[in-house]
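Visitor: From the sequence below, what's the structure:
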Amino acid sequence: MIVTSREEKDRYRNVWALAEVLSGQVQPVTHELLGAARALADAGGQEVWAVLLGAGTASQAVGLFAWGADKVLLVDDPRLDGFQDELEAGALTRLIHKHRPDILLGAATARGRALMPRVAVMAVCGLTADCTGLSIDPQTGDLLQTRPAFGGNIMATIRSAGHRPQLATVRPRVMKALEEDRARTGQIIRESLEEGDSPVVKRVVEVFKDKESVVNLGHAQIIVSGGRGVKSAKGFDLLRALADKVGGAVGASRVAIDAGWISYAHQIGQTGQTVQSKVYIACGISGQIQHLVGMQSSDTIIAIDKDPDTPMMQLADIAIVGDLFEVIPEIIREIDKV
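Guide: Reported below is the predicted structural model:
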């Protein structure tokens, strides 16, 4: 909705986090959204509402309080089985008009990227996609939404000052989830689908999973990632050997993907996956901003490169200057001694 004064803005309260549901299960990115929502709500003296839309998901509503929600807005209906973006958008827009949230956060996933733009159009709101940072302007109460722009060469901060609610999608594994607190309780508000929400114009007949799509970089604790310095598809065999030794997964920069050395499912960065691993080992990756935005939240970054002055080597907690084809075999040999 269009707002023209502070008084109109003040009619919109609370920060909503749209729960990510896949195959009937609430996904971990929901906890990250709730963590971000909690920080924003606390800054503005508001509540955090988790919005849970799905079929057979009612039993998971209580668990959302442990991750920072004060209330859960629940719509549990068999018609929401699978992903019905038209129906969900209609229901969510109606609930927005009814409850007037100040902010609505969604995940920058395939589901979120399909649903949130529909809601933005139907509710006449601004939407900032793929955010990597969120904060509140203390003077205006506006949501400050930071995201890469111009091919990742700059970071832009965007606000939707003239619209409420303020909509943003957040890249998975960029925001930190709160520590789970099972002692927290809250209120569940049950809502139902209504006739005018939207006609169901499609149904899910069958779900196919590409074998490459099961590469789960998002939840990997250790990632061994390669870039231009790996030189070839054969070079990634060495990275896989190291990943196998440390129980990790293999990632890659865009240049390695574009060269055909490894499949897109392994890409990390602005146009790939965002990771938040315990250990990130960058092998032959110079560290362009487009790649850094996808992995810079990792706890410990180890870089291996001949050039000590690359952005990745400067960012790294541990920078190893050397030829990765000599350094990695030596690391593997040392691991084998343990």
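Visitor: Where do the helices of the protein begin and end?
Guide: With DSSP state H as the criterion, the chain has helices at 6-9, 29-44, 85-99, 110-123, 235-246, 254-258, 289-292, 311-315, 324-337.
Visitor: among the ones you listed, which is nearest residue 64?
Guide: Among the helices of the chain, helix 29-44 comes nearest to residue 64, with 6.8 Å by C-beta to C-beta. In this view, the C-beta of every residue, glycine as well, is placed from N, C-alpha and C.
Visitor: so what does that closest one touch, helix or strand wise?
Guide: Applying 3 or more C-beta pairs under 8 Å, 6 or more residues apart in numbering; DSSP states H and E, one finds that helix 29-44 makes contact with strand 15-18, strand 48-54, strand 103-107, strand 133-136, strand 166-170.
Visitor: That helix vs strand 166-170, what angle?
Guide: 140 degrees (axes from the mean of the first three to the mean of the last three C-alpha atoms, to 10 degrees).
Visitor: Mind listing residues that contact helix 29-44?
Guide: Helix 29-44 is contacted from outside by 14-20, 46-48, 50, 64, 67-70, 102-103, 105-107, 109, 134-136, 138, 141, 143, 170, 172-178, 180, using C-beta atoms under 8 Å, 6 or more residues apart in numbering.
Visitor: Bridged to the closest residue in space to residue 257 that isn't next to it in sequence, which residues?
Guide: The shortest distance from residue 257 to any non-neighbouring residue, by C-beta to C-beta, 6 or more residues apart in numbering, is to residue 267 (4.8 Å). According to DSSP bridges, the residues that bridge with residue 267 are residue 252.
Visitor: Residue 48 now?
Guide: So, taking DSSP bridges as the rule, residue 48 has residue 15 as bridge partners.
Visitor: go on, the one 4 residues further on?
Guide: Beta-bridge pairing of residue 52, defined through DSSP bridges, involves residue 74.
Visitor: That one against residue 24, yeah?
Guide: No: with contact defined as C-beta atoms under 8 Å, residue 52 does not reach residue 24; the gap is 11.3 Å.
Visitor: show me what contacts the residue nearest to residue 257?
Guide: Contacts of residue 267 (C-beta under 8 Å, 6+ apart): 251, 252, 253, 254, 257, 273.
Visitor: what sits against the first one?
Guide: If I follow you right, that is residue 251. Residue 251 neighbours (C-beta under 8 Å, 6+ apart): 217, 223, 224, 225, 226, 266, 267, 268, 273, 275, 295.
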